[in-house]
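*Asks:* What would the 3D arrangement of this be:
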Amino acid sequence: MVPTKLFFTRGVGSHREKLQSFELALRDAGIAALNLVSVSSIYPPGCKIISRKKGEALLEPGQIAFVVMSRAESNEPHRMIAASVGVAVPRDKRMYGYLSEHHAFGQTAKEAGDYAEDLAASMLASTLGVEFDEDQSWDEKRQIWRISGKIVVTRNITQSAVVKPDGRWTTVIAAAVLLFD
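*Replies:* The predicted model follows:
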């Protein structure tokens, strides 16, 4: 049972109830009608990344769907929250890649997205034997990955939000939804 397709989605919800804010974030992401099962961070060999629109067309209400999901929530007024999923895909399609979840307080969407992407690429690079200094900047590491020729693509999906002054619960999610033929 190896997924053949994957799509990325994200959402945000706000409500006086914590659970309802999560439900609204799932609705915003288009995955509220599914029974979600969280899985770890392997990007399956040969898996194809498709658009959210194409992915949603393959879903049925009530189905069990495997996801790599990041979630952040708060009701602290003015608190910035972010949830991100990064991916690193190897050039060799027969090999697996990595998905990473990152959730943060006080990071912008760009900062959280870059961090999640960096995590996924770092995990894949270490698996592939690409050596680099962990303390190098994102751009320096990215250049090493390009030179190695072993990582073909990295990207992320990120949702951020700032809790409104009224202190309503705010939830942000980012997810990779894995699909089977």
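
*Asks:* Tell me where the chain has helices.
*Replies:* Assigned by DSSP state H, the helices in the chain fall at 18-29, 52-57, 109-128, 138-148.

*Asks:* For Gly97, which non-adjacent residue is spatially closest?
*Replies:* Excluding the flanking residues, the one nearest Gly97 by C-beta to C-beta, 6 or more residues apart in numbering is Tyr43, at 3.5 Å. Using the backbone N, CA and C atoms, a C-beta is placed for each residue, glycine as well.

*Asks:* ok, now how distant is the closest residue to Ala65 other than its chain neighbours from Ser126?
*Replies:* Ranked by C-beta to C-beta, 6+ apart and with sequence neighbours excluded, the top spatial neighbour of Ala65 is Leu34, at 4.3 Å. Per C-beta to C-beta, to the nearest Å, Leu34 is found 32 Å from Ser126.

*Asks:* middle-most residue in the chain, spatially?
*Replies:* With distances taken as C-alpha atoms, centre = their mean, Val85 lies nearest the centre of the chain, 1.7 Å away.

*Asks:* Contact partners for it?
*Replies:* Taking C-beta atoms under 8 Å, 6 or more residues apart in numbering, we find Val85 in contact with 8, 68-70, 99-102, 116, 156-158, 174-176.

*Asks:* who's more crowded, Leu34 and Ser126?
*Replies:* The residue with more neighbours, out of Leu34 and Ser126, is Leu34; 18 against 13, by other C-beta atoms under 10 Å.

*Asks:* Do I have it right that that one meets Met69?
*Replies:* No. Counting by C-beta atoms under 8 Å, Leu34 sits too far from Met69 to count as a contact (11.3 Å).

*Asks:* shared neighbours, those two?
*Replies:* Contact criterion C-beta under 8 Å, 6+ apart; residues shared by Leu34 and Met69: none found.

*Asks:* Would you state the strands of the protein in chain order?
*Replies:* Here the chain has its strands, by DSSP state E, at 5-15, 35-38, 42-43, 48-49, 64-74, 80-90, 97-105, 151-162, 169-179.

*Asks:* Reformat the ones you listed as CSV; add distance to Leu26.
*Replies:* Formatted as CSV, the strands of the chain follow (distance: least, C-beta to C-beta, whole Å):
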stretch, distance to Leu26
strand 5-15, 6
strand 35-38, 8
strand 42-43, 22
strand 48-49, 21
strand 64-74, 10
strand 80-90, 12
strand 97-105, 15
strand 151-162, 12
strand 169-179, 7
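
*Asks:* Good, we can wrap up now.
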